[in-house]
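Asker: coords please:
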Amino acid sequence: MANSEVISIGDVATWVAVAVAIALGGFSVWQHYRSEALRRSRDYLDAAVRWLEQAYRELEARRSNAWSGLPEPDRLLWLSVARMIREAESTSTKIQEESHRVLYRQARTYWRGKLYDLLAPLTKVPLTYFADSPDKALIQFSGDRAPISPKSLRVIRDFTSWPQGEPDPLAGVGNFDSQEIDHMQSFGWRSAGMYLEALDVMHGDSDSRKEYWRKQWNKPVE
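Answerer: Numbers count the residues shown, from 1 in each chain. Just a heads-up that it's a prediction; the model follows:
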């Protein structure tokens, strides 16, 4: 065989070394890209959650006893909070890692609940919370309080509402059966067990049993 056709062990070793070097180089590039992608995704997650927390803190810091514990009816406050929520939602769309998306959904659920509770008095607050009068809701003169913006109401209301299509973590949780209720009354949450038993009775038992629980309701639990 001609010398040009001879493949030595040294040549093979060299080719293998080159192939390994190329593979390692490619892996290093991929690893660097992956690390950067994770970092960016985490940064977006942290930023989005901070926006939600700040939105809540801004409203909480301005709670007023004069308005049943609601935040002060400040147009700029409501607009600022609405913008924070929009920033959070916009930033969250840039989160690429699925695990980070899950964490954001969990944080979103938490802050949604906090905001919902904070704004619960809106159910019965006087209309003067939103504007001093129907006319001043449309036109204000110097010294008049600016009305709450409908756009800010829309953003915050939409955020505090449960998103369509998002599964409820409590879906599929079953009710207590009678044995569990009896056990609860004997070992542990006695009052809670009594409450559950009373609910069962009020849902369809005899009138005499219902009357028993009506009389028991305000009595101390022994």
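
Asker: From now on I want contacts and neighbour counts done on CA atoms only, so please keep to that.
Answerer: Fine.

Asker: residue contacts, residue 209?
Answerer: Applying Cα atoms under 8 Å, 6 or more residues apart in numbering, we find residue 209 in contact with residue 201.

Asker: Give me the secondary structure label for it.
Answerer: For residue 209, the assignment made with DSSP: H, G, I helix; E, B strand; the rest coil gives helix.

Asker: go on, residue 95?
Answerer: On the basis of three-state DSSP, residue 95 is classed as coil.

Asker: same question, residue 101
Answerer: Criterion first, three-state DSSP; result for residue 101: helix.

Asker: Tell me the buried residues in stretch 63-80?
Answerer: Applying a neighbour-count criterion of 16 or more other Cα atoms under 10 Å, one finds 63, 67, 69-75, 77-80 buried in stretch 63-80.

Asker: How far does that stretch stretch from one end to the other?
Answerer: Stretch 63-80 has an end-to-end distance of 15 Å (criterion: Cα to Cα, to the nearest Å).

Asker: Please apply the same query to stretch 62-81.
Answerer: 12 Å.

Asker: Name the helix or strand of the chain that has the lowest mean pLDDT.
Answerer: helix 9-60 (a mean of 77; mean pLDDT, DSSP states H and E).

Asker: picking that back up, kindly indicate which of the buried residues of stretch 63-80 lies nearest residue 40.
Answerer: Within those, the smallest distance to residue 40 is 25.9 Å, found for residue 80 (Cα to Cα).
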